[in-house]
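[1] sequence and predicted structure, then a few things I'm wondering about:
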Amino acid sequence: MTSPLLAVIGGTGLYALGELQDIESHQPVTKYGAPSGPVRIGTLGGHRVAFLARHGEGHSVPPHQVNYRANLAALRALGATRVLALNTVGGITERFGPRVLACPEQLIDYTWGRVSTICEEPGTDVLHVDFGDPYTPALRAAVLSAARRRGIALVDGGCYGATQGPRLETKAEIARMRRDGCDLVGMTGMPEAGLAREMGLEYACLAIVANWAAGAGPDVDEVITLDDVLANVAAASSGIPALVAGLLAGD
């Protein structure tokens, strides 16, 4: 088979890539262990693409227990050179309300205790990768171009704050993140982005805003429900297959 050049990693509420055809399933085991689930490789708009559900297809893996190294290593072993990460997030600042689709350009890592490097094992080379721009600028530009040409509303920019989870954040934590310059909050942005850089993979994020973060929206006492989150994810992600098709086509 022709190896896919692009891999899509799906987050909460996104366990398959719509319109994917001629699907083949792969379950590679890497030196870091098994990925979260099978890698589905198929065609979209006549181009091959790989899809992996970050939390497993039944959402059985919490964010702090995702084997990020195995996920990325499995995709790379199957031939992927570019990764488009779909991350379900909360909105902190005004441009990033529910049902917004965004392509952030910066991130801040608030996670702890996760295996965050491929330099973990004794005897491995120590890598000091440049991470000033955590998302590959050329891939970000291609994503933005594909969205524009396909008529998909996509906010350009913003800072993603990665928290530990799986609980949601307190109002005080979100207020601190706002002061730090975060526009979005999620639980899976790191160490995934850093590991992709160490593995030589191009990497960009599509952030799908499912809800206002605690205390951030017009109703500071709003209670976040799973039904609302899933409805907002479905609405915000409806254009993703067309965007991915445009990215694959290079238009």
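    Received it, and whenever you're ready, just let me know what you need. Nothing here was measured: the structure is a model prediction, and the numbers come from that model. Residues are numbered from 1 along each chain as shown.

[2] the strands in the stretch 51-200 of the chain, which residues?
    For the stretch 51-200 of the chain, the strands defined by DSSP state E, counting those that start in this stretch cover 82-91, 101-103, 106-109, 155-156, 159-162, 184-186.

[3] please tell me how far Val220 sits from Arg99.
    The gap separating Val220 from Arg99 is 19 Å, by Cβ to Cβ, to the nearest Å. (C-beta placed from N, C-alpha, C; glycine too.)

[4] just to revisit the earlier point, reformat the strands of the stretch 51-200 of the chain as JSON lines; add mean pLDDT and mean neighbour count.
    Formatted as JSON lines, these follow (pLDDT from 0 to 100; neighbours: other Cβ atoms under 10 Å):
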{"stretch": "strand 82-91", "mean pLDDT": "97", "mean neighbour count": "25"}
{"stretch": "strand 101-103", "mean pLDDT": "97", "mean neighbour count": "23"}
{"stretch": "strand 106-109", "mean pLDDT": "98", "mean neighbour count": "18"}
{"stretch": "strand 155-156", "mean pLDDT": "97", "mean neighbour count": "16"}
{"stretch": "strand 159-162", "mean pLDDT": "98", "mean neighbour count": "26"}
{"stretch": "strand 184-186", "mean pLDDT": "98", "mean neighbour count": "29"}
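
[5] output the ones you listed in CSV, with distance to Ile224 appended to each entry.
    Below are the strands of the stretch 51-200 of the chain laid out as CSV (distance: least, Cβ to Cβ, whole Å):
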stretch, distance to Ile224
strand 82-91, 8
strand 101-103, 19
strand 106-109, 22
strand 155-156, 21
strand 159-162, 17
strand 184-186, 12
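
[6] can you tell which of these is closest to Ser36?
    Of all the strands of the stretch 51-200 of the chain, strand 82-91 sits nearest to Ser36, with 13.0 Å by Cβ to Cβ.

[7] and the closest one, C-alpha only, in PDB?
    Output of strand 82-91 as PDB, limited to C-alpha atoms (Å, rounded to 0.1, in the frame of the first residue of the first chain):
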ATOM      1  CA  ARG A  82       2.600  15.000   9.200                       C
ATOM      2  CA  VAL A  83       0.200  14.900  12.100                       C
ATOM      3  CA  LEU A  84      -3.000  16.900  12.500                       C
ATOM      4  CA  ALA A  85      -4.100  16.700  16.100                       C
ATOM      5  CA  LEU A  86      -7.800  17.300  16.900                       C
ATOM      6  CA  ASN A  87      -8.100  18.500  20.500                       C
ATOM      7  CA  THR A  88     -11.400  19.100  22.200                       C
ATOM      8  CA  VAL A  89     -10.900  22.200  24.400                       C
ATOM      9  CA  GLY A  90     -12.500  24.800  26.600                       C
ATOM     10  CA  GLY A  91     -12.500  28.500  25.600                       C
END
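
[8] and it, how far out from the chain middle?
    Computed by Cα atoms, centre = their mean, to the nearest Å, the chain-centroid distance of strand 82-91 equals 3 Å.

[9] now stretch 98-111
    With Cα atoms, centre = their mean, you get 9 Å for stretch 98-111.

[10] over to stretch 58-77?
    Distance, stretch centre to chain centre, for stretch 58-77: 12 Å (Cα atoms, centre = their mean).

[11] coming back round to it: out of Val220 and Arg99, which sits in the busier spot?
    Between Val220 and Arg99, counted using other Cβ atoms under 10 Å, the more crowded position is Arg99 (18 against 10).

[12] now do the more buried one against Ala210, distance only.
    To Ala210, Arg99 is 8 Å away according to Cβ to Cβ.

[13] mutual contacts of those two, please.
    Residues touching both Arg99 and Ala210 (Cβ atoms under 8 Å, 6 or more residues apart in numbering) are 232, 236.

[14] with adjacent residues omitted, what lies nearest to Trp112?
    Spatial nearest neighbour of Trp112, excluding adjacent residues (Cβ to Cβ, 6 or more residues apart in numbering): Gln164 at 6.1 Å.
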